[in-house]
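Engineer: sequence first, then the predicted structure, then my questions.
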Amino acid sequence: MTMPVPTSDDPLDEVLRPPPDETPEQRELRLAREEEAAKISQAIDASIKAEKQARKKKRIVRLLLLGQSESGKSTTLRQFQRLYTPTAFREERILWRAVIQLNIVRSIRVILETLTSPTQKSPKSSPFSSPRLRARSTSRPPALPSHIPPLPPSDYSHHNGYQNGHSNGNGNGYNEDSHSGRMRVDAGEDSDPESDSDAQASRSNPSSTTLIPSPLEALKTRLQPLLHIESLLIAKLVPPNEDEATHLAGPGPSHSRYPPGQPVFTTASSFRNQEIFVRPGAGWKGALSKARVNGSESSSPPSEPSRPTSAGNTGLETPDEPQEVLYQCRKDIMMLWNDDVVREILRRKKVRLEELPGFFLNDLERVTSLRYMPTDDDVLKARLKTVGVSEYKFEMEVSAGRDSGTEWRIVDVGGSRSQRRTSTWAPFFDDVDAIIFLAPISGFDQVLAEDRSVNRLEDSVLLWKAVCSNKLLANVDLVLFLNKCDILDAKLKSGIKLARYVKSYGDRENDLDSVSKYLRGKFSAIHREYSPHPRKFYAFCTSVTDTATTAGIIASVRDMVIRQHLKQSKLL
Ligand SMILES: Nc1nc2c(ncn2[C@@H]2O[C@H](COP(=O)(O)OP(=O)(O)OP(=O)(O)O)[C@@H](O)[C@H]2O)c(=O)[nH]1
Ligand SMILES: [Mg+2]
């Protein structure tokens, strides 16, 4: 009969218990090892303590940027850099050109994929209602009249270059209308599938699909070089071991006429999940500037033979292949973006490119010119997703009053769901003076890129609750940026109603002032209810890409944080 093994509450007990058949020599060895480990642990504790004390003496202020992905954390960090280390910011502007080039290619990809993708429904929910209520109150997009008016004539058809475009029937994923020689494309999301009358109308009404002229295919072919520069740019920006980030486009569909394995503008892939990221820190910038100094070919490590070697040049002084390709494709890119039919399809499918991060298509003339140098605003508008957590030190070039002699450290984190595990963020919660939490309130009618079943505003509210109630952060002052107010304003003005998504909003005015006040009230209430004990709380409505308004807000935050920091230091 086997004896029951005594159990312990401590799961480590069993692992740490010495083996039952330990010899005296083994025991001596083990004890020596344990003693050594204890010494190391004590030394680490002592150095952490010493560092903390040194920080207090040196007046180091730590700011933590939190918020969901695309909320504007890295943009806020760039605003701090622009304001307080302007020389470094200016010197780095050229490095952002590669990011902007990639953003432009991505926008083109979004357009082409939208033109040819089937209709997708995105679930929406109200962030302030209970799950039960939410399930019942799933918002519907506004219903279109059952008859969709014909699309305006397209520029393609008037452009000589397109008259002899590729004929269809090459298996490219389009339906060809055999009578007109034009391609059928799904009409988009404007119709409401849950409305019986609309559904019926679209079944019986052949005009519920729209027609795109076949020369689009020729245009797509001419834009293929953009895919090449996309790979160049990815190679330039992403370290070789970051495989995930290079999966921008899978191999083309089997019926594609492009060589297998070569990326193509596919018809089915979901562009929303395809985003290039960097780990924060100067890594990618370092790689770019090194490449600029060294010239192109020599800067590619020999261990990366498959990576394009012309990816190195980024300075204005040397030719830059991506910029040249963009320059050569600029007319076609402009034609695509300015085409009435394309705009109409984007509108019907509710793809508002202007609201997507990294939007530069309204500046094509300027940003595709051969000697393009990004402006401050361009750098703030550029989109490069963050993965990981990193601390930036600021030796303020521009210091003000009581701030002089203080070192600032700003922690930027990746905000997507996979990045938010406590294990990733928590180690940075220690010794923080203030948190700037970014809630992009324009996202009330959007879903998360990483989980399309979750409303963005709802996600922000939940994350805010978690931050407010986190015990590790109980003594940290909170600064809330209700961000992307410019986009929110445009949305509300275009007629999108908050009340459709946030039922509790009722029949209040649908304007920026009322909406931002309402949401601010909701976030403040959560702060009051969930904070373990009272603390300082400030809220601002922001558009952190806007330099003029953000400068004032950042100056106030800086002042408040430093005041609080000094007060705390005196108490210690
Ligand atoms: N129009 C507008 N765009 C903004 C605003 N704030 C940020 N953006 C843009 O939104 C995009 C995303 O901003 P980021 O700062 O990269 O977002 P993030 O929170 O760092 O996102 P992750 O790194 O994924 O966690 C960028 O292209 C910004 O330029 C804003 O207030 N208005
Ligand atoms: Mg970021």
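Structural biologist: Everything's here; your move. Ligands and ions are numbered 1, 2, ... in the order given.

Engineer: next up, the contacts around Gln79.
Structural biologist: Applying Cβ atoms under 8 Å, 6 or more residues apart in numbering to Gln79 gives the contacts Leu380, Val544, Thr547, Thr550, Ala551, Ile554. Bear in mind the C-beta positions are built from the backbone N, C-alpha and C, glycine included.

Engineer: how about the nearest residue to it, chain neighbours excluded?
Structural biologist: Thr550 (5.1 Å; Cβ to Cβ, 6 or more residues apart in numbering).

Engineer: so that neighbour, which of the three states?
Structural biologist: At Thr550 the chain is in helix, as set by DSSP: H, G, I helix; E, B strand; the rest coil.

Engineer: again with Ser390
Structural biologist: strand.

Engineer: write down the beta-bridge partners of it, one by one.
Structural biologist: Beta-bridge partners for Ser390, by DSSP bridges, are Asp412.

Engineer: could you report the neighbour count for it?
Structural biologist: Using other Cβ atoms under 10 Å, Ser390 has 18 neighbouring residues.

Engineer: show me where the stretch 401-550 of the chain has its helices.
Structural biologist: For the stretch 401-550 of the chain, the helices defined by DSSP state H, counting those that start in this stretch cover 422-425, 456-469, 485-493, 498-501, 512-530, 547-571.

Engineer: Cys329: neighbouring residues, count only.
Structural biologist: 21.

Engineer: ok, it to ligand 2 distance?
Structural biologist: 29 Å (Cβ to the ion, to the nearest Å).

Engineer: now swap in Phe80 and tell me
Structural biologist: Distance from Phe80 to ligand 2, by Cβ to the ion: 13 Å.

Engineer: a helix runs through that residue, doesn't it?
Structural biologist: Yes. Under three-state DSSP, Phe80 sits within a helix.

Engineer: show me what contacts it?
Structural biologist: For Phe80, counting by Cβ under 8 Å, 6+ apart, the contacting residues are Phe394, Trp408, Ile410, Ile554.

Engineer: what does Asn483 give?
Structural biologist: With Cβ under 8 Å, 6+ apart, Asn483 has these contacts: Gly67, Ser71, Gly72, Leu438, Ala439, Pro440, Ile441, Ser442, Thr542, Ser543, Val544.

Engineer: kindly recompute the last result at 6 Å.
Structural biologist: Asn483 makes contact with Gly72, Leu438, Pro440, Thr542, Val544 under the criterion Cβ atoms under 6 Å, 6 or more residues apart in numbering.

Engineer: what of Gln446?
Structural biologist: So Gln446 contacts Arg456 (Cβ under 6 Å, 6+ apart).

Engineer: cool, Leu438 as well?
Structural biologist: Leu438 touches Gly67, Ser71, Gly72, Lys73, Phe481, Asn483, counting by Cβ under 6 Å, 6+ apart.

Engineer: hang on, the fifth one packs against Thr542?
Structural biologist: Yes. The pair formed by Phe481 and Thr542 meets the contact definition of Cβ atoms under 6 Å, at 4.5 Å.

Engineer: tell me the pLDDT at Asp430?
Structural biologist: The per-residue pLDDT reported for Asp430 equals 79.

Engineer: neighbours of it, how many?
Structural biologist: 11.

Engineer: how about Asp363?
Structural biologist: For Asp363, using other Cβ under 10 Å, the count is 16.

Engineer: for Pro440, same thing?
Structural biologist: 25.

Engineer: ok, it to ligand 1 distance?
Structural biologist: Distance of Pro440 to ligand 1, given as Cβ to the nearest ligand atom, to the nearest Å: 7 Å.

Engineer: now that residue: closest residue in space that isn't a chain neighbour?
Structural biologist: Lys484 (4.3 Å).

Engineer: out of the contacts of Phe80, who has the most neighbours?
Structural biologist: Trp408 leads these on contacts (other Cβ under 10 Å) with 23 neighbours.

Engineer: list the contacts of it.
Structural biologist: Val61, Phe394.
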